[in-house]
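Undergrad: I'd like to go over a predicted model; first the sequence, then the structure.
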Amino acid sequence: MTVDRTGGSPGGGFPYRPTRAEINLDSIRHNVRAFVDLVGPSCKVMAVVKADAYGHGAVEVSRAALEAGASRLGVALVEEAEELREAGVEAPLHLLFEPPPEAAERVVELGLIPTVYTPLYARELSRSAVSRGRRVPVHIKVDTGMHRVGVSPEGAPKLAEEVCGLPGLELEGVYTHLATASEPGDPFAAEQVERLGSVVRRLRQGGLQVPLVHAAASGAALSLPRSRMDMIRLGIAMYGLLPGPAYAGKVDLRPALSLRTRISHVFRAGEGEGVSYGLTYRCPRDTWLAVLPVGYADGLSRALSNRWEVLIGGKPYPLVGTVCMDLCVVDLGDDRRFPGEEVTVVGGWGEEKVGVERMAEFLETINYEVVCAIGKRVPRIYLGR
């Protein structure tokens, strides 16, 4: 097992911070392999590493995912692709959204696989491809009912014909995104898959080649096998997290991220004394309190004040008082703990009692938001490199 202590932010880390996010790359590999085996050799796996790999660190996660059998990577921003290219990642990079038209030249320069859903962007890509003597494979995104981005099913054939007619471009794929796949069995996901299929049939009947058709992200890949088609886009499940609560137990996932710190200060407080901003917690008895150097600037939501618990030596202790920007406090009761002792704030595989899924439930949000909220000043430490 090797550990990288360089930190998660560009330009260096935070070597003096006891607070850090530990990312287990063996868990990432395990989760990717589970889906590679699930979909079989005829279906590609795109590992989605946008938003700094959902807060896990795009470069390291990308390498682990490719080692485990993913054949390409998905990003949301040109800048995210730049980071991967600069780190030496040569795998195909799929840009999942259209950037501003002026970014087309950089898209071509980086050798990205762009998503297209407007003629203007397609023309800019064509001009840039021709100027650089490149052939650019593009994927047309079809809005089959999510109503976010994409060309309408009615407009897709015309856009596809234009793409195929533009110099420097070739149509590699057509895809959609499913709005309700977090709920297995929801009929709207199947409707969207059928709408995409109708579009593809029209294109092929018109003589256009469509090598890759895809619709499924993590949830649909599990619950709607016919949505897998030629490729799946593996996002949240790659990180060991559920596409939705109903997927619990459907596949062996291993949460990859843990948020840990060390006690920075311990003191005695008397019965009735208040803790932290607003004195929202009053000690019910004489007690020991421990200060942890982690707060809402690090991703420990203020909404968890007086609601969460942490693990010290495997034992749970309540988080008390208002969570501050940089600090929080836990009530140790009669237990005597000491500065420097290890604390699990968010647990990974095997520590689900304080895991991401439970924290998301407490916050009435989704697991995506919990991991993406862990700030850049929290160093990422990689296990299993």
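TA: That came through, no problem. Residues are numbered from 1 along each chain as shown.
Undergrad: so what does the lengthiest helix in the chain touch, helix or strand wise?
TA: Longest helix of the chain, by residue count under DSSP state H: helix 187-205. Where contact means 3 or more C-beta pairs under 8 Å, 6 or more residues apart in numbering; DSSP states H and E, helix 187-205 is packed against helix 156-165, strand 169-175, strand 212-214, helix 218-223. (C-beta placed from N, C-alpha, C; glycine too.)
Undergrad: let's see 6 Å
TA: Applying 3 or more C-beta pairs under 6 Å, 6 or more residues apart in numbering; DSSP states H and E, we find helix 187-205 packed against helix 156-165.
Undergrad: The helix it packs on: which residues count as buried?
TA: Ala156, Pro157, Leu159, Ala160, Glu162, Val163, Cys164 (16 or more other C-beta atoms under 10 Å).
Undergrad: what's the farthest-apart pair in those residues?
TA: The span of those, defined through C-beta to C-beta, is set by Ala156 and Cys164 at 12.3 Å.
Undergrad: Distance of the most centrally placed residue in the chain relative to Leu383?
TA: For the chain, Tyr54 is the residue whose C-alpha lies nearest the centre (C-alpha atoms, centre = their mean; 2.8 Å). Per C-beta to C-beta, to the nearest Å, Tyr54 is found 17 Å from Leu383.
Undergrad: Ok, Met229 next?
TA: Applying C-beta to C-beta, the value for Met229 to Leu383 is 34 Å.
Undergrad: and if you look at Phe267?
TA: Applying C-beta to C-beta to Phe267 and Leu383 gives a distance of 33 Å.
Undergrad: Ok, Lys376 next?
TA: 20 Å.
Undergrad: Equivalent analysis for Pro153, please.
TA: For Pro153, the distance to Leu383 - C-beta to C-beta - is 45 Å.
Undergrad: Which parts of this protein are helices?
TA: Along the chain, counting by DSSP H, helices occupy 25-39, 50-54, 58-67, 78-86, 104-109, 119-132, 156-165, 187-205, 218-223, 356-363, 367-372.
Undergrad: contact partners of the fourth one?
TA: By C-beta atoms under 6 Å, 6 or more residues apart in numbering, the residues outside helix 78-86 that reach it are Ser62, Val75, Leu93, Pro99, Ala103, Arg106, Leu110, Leu112.
Undergrad: can we see that at 10 Å?
TA: Here helix 78-86 makes contact (C-beta atoms under 10 Å, 6 or more residues apart in numbering) with 10, 49-53, 58-59, 62-63, 73-75, 77, 89-91, 93-97, 99-100, 103-104, 106-107, 109-114.
Undergrad: Likewise for the shortest one?
TA: Taking C-beta under 10 Å, 6+ apart as the criterion, the residues outside helix 50-54 that touch it are 8-9, 23, 28, 47-48, 58-62, 64-65, 73-77, 80-81, 83, 95-97, 235-236, 238-239, 241, 256-257, 367-372, 374, 376, 380.
Undergrad: what's near enough to touch Gly355?
TA: Counting by C-beta under 10 Å, 6+ apart, Gly355 touches 240-241, 255, 257-258, 344, 346-349, 361, 367, 370.
Undergrad: And those, which of them are buried?
TA: Applying 16+ other C-beta under 10 Å to the contacts of Gly355 flags Gly240, Leu241, Pro255, Leu257, Ser258, Thr344, Val346, Gly347, Gly348, Trp349, Asn367, Val370 as buried.
Undergrad: give the contact list for the second one.
TA: If a contact means C-beta under 10 Å, 6+ apart, then Leu241 has 31, 54, 218, 235, 247, 253-257, 355-357, 360, 366-368, 370-371 as its contacts.
Undergrad: Check the third one too.
TA: Applying C-beta under 10 Å, 6+ apart to Pro255 gives the contacts 24, 27, 31, 239-242, 346-352, 355-357, 367, 371.
Undergrad: Outline the domain layout of this protein.
TA: Here the domain parsing of the chain from automatic domain parsing is 26-240, 257-383.
Undergrad: And those domains: which comes nearest Tyr16?
TA: When these are compared by C-beta to C-beta, domain 257-383 sits nearest Tyr16, at 9.8 Å.
Undergrad: Look at the residue nearest to Ile366 when sequence neighbours are not counted and say how many residues are nearby.
TA: Nearest residue to Ile366, sequence neighbours excluded (C-beta to C-beta, 6 or more residues apart in numbering): Ala360, at 5.7 Å. Residues lying near Ala360 (other C-beta atoms under 10 Å) number 19.
Undergrad: swap in Glu154?
TA: Counted with other C-beta under 10 Å, the neighbours of Glu154 add up to 9.
Undergrad: now the domains of the chain as TSV including mean pLDDT and distance to Pro15?
TA: Putting those into TSV (pLDDT from 0 to 100; distance: least, C-beta to C-beta, whole Å) gives the following:
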stretch	mean pLDDT	distance to Pro15
domain 26-240	98	17
domain 257-383	97	8
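Undergrad: Identify whichever of these lies nearest to Arg17.
TA: Going by C-beta to C-beta, the one of these nearest Arg17 is domain 257-383, 6.1 Å.
Undergrad: what about that closest one, how long is it end to end?
TA: In domain 257-383, first residue to last residue: 10 Å (C-alpha to C-alpha, to the nearest Å).
Undergrad: cool, stretch 303-323 as well?
TA: End-to-end span of stretch 303-323 (C-alpha to C-alpha): 8 Å.
Undergrad: ok, of the contacts of helix 50-54, which come out buried?
TA: Buried by 16+ other C-beta under 10 Å: 8, 23, 28, 47-48, 58-62, 64-65, 73-76, 80-81, 83, 95-97, 235-236, 238-239, 241, 256-257, 367-372, 374, 380, out of the contacts of helix 50-54.
Undergrad: so Ala160 touches Pro119, yeah?
TA: No. Here Ala160 does not reach Pro119: they are 11.1 Å apart, not a contact under C-beta atoms under 10 Å.
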